[in-house]
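Colleague: Pasting the sequence and the predicted coordinates here, then a few questions.
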Amino acid sequence: AAVKERELAEKAAATEKGEAAKAAEAEAEASREREAAEEAATAEAEDTRLAAEAAAKLQEEETRAAEAAARVREERQRVADAVAHLAEEEKHVAEAAAVLEEEQQHAAEAAAVLEEEQKRVEEAVARLKEEEARVAAAAAKL
């Protein structure tokens with residue numbers, strides 16, 4: 001009976017040893033899983049931080065793009081205003097050129113009239129000189 005008891009005690013000790021080994025293995029596995037979960041949580045936190053940084057950079061880029069688009073619209077408006085102003089100036093220049101052309105035509109007409117008047121005056125002077133010559137000749141005969 002003592003041998004049997006010892007065998008049972010040895011069996012129980014071996015079973016207990018096996019159970020302790022299984023418990024140690026399970027504890028080691030749980031520890032490994034806990035470390036893996038902590039690493040995953042750390043990686044997820046890093047991913048979240050990186051995603052937040054990327055979103056902030058994207059927001060900055062969108063803001064810069066909107067500001068650049070506003071500057072382009074303002075510059076286009078300035079160009080359109082300048083083109084309109086230039087068209088108005090060209091219109092004034094064309095009007096002034098038309099007035100100048102008309103004035104030049106009047107001046108040319110006036111010059112022609114003046115030239116004609118000058119010819120008449122010269123003809124009148126020539127007739128006057130002829131008349132003076134005839135008067136002088138008649139006076140000499142007297």
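Modeller: All right, it came through fine. Residues are numbered from 1 along each chain as shown.

Colleague: any idea how far residue 121 lies from residue 127?
Modeller: Residue 121 is 11 Å from residue 127, where distance means CB to CB, to the nearest Å. For the C-beta atoms, the positions are set from N, CA and C on the backbone; glycine is no exception.

Colleague: same deal with residue 35?
Modeller: 135 Å.

Colleague: Over to residue 32?
Modeller: 139 Å.

Colleague: repeat for residue 3
Modeller: Computed as CB to CB, the residue 3 to residue 127 distance reads 181 Å.

Colleague: go on, residue 105?
Modeller: 33 Å.

Colleague: before we move on, what about residue 5?
Modeller: 178 Å.

Colleague: cool, and residue 78?
Modeller: In terms of CB to CB, residue 78 sits 72 Å off from residue 127.

Colleague: now residue 141
Modeller: For residue 141, the distance to residue 127 (CB to CB) stands at 21 Å.

Colleague: okay, the two: which has more neighbours?
Modeller: More crowded of residue 141 and residue 127, by other CB atoms under 10 Å: residue 127, with 10 against 6.

Colleague: where do the strands sit along this structure?
Modeller: Using DSSP state E, no strands are assigned anywhere in the chain.

Colleague: Point me to the residue sitting closest to the centre of it.
Modeller: residue 72 (2.7 Å; CA atoms, centre = their mean).

Colleague: show me what contacts that one?
Modeller: If a contact means CB atoms under 8 Å, 6 or more residues apart in numbering, then residue 72 has no contacts.
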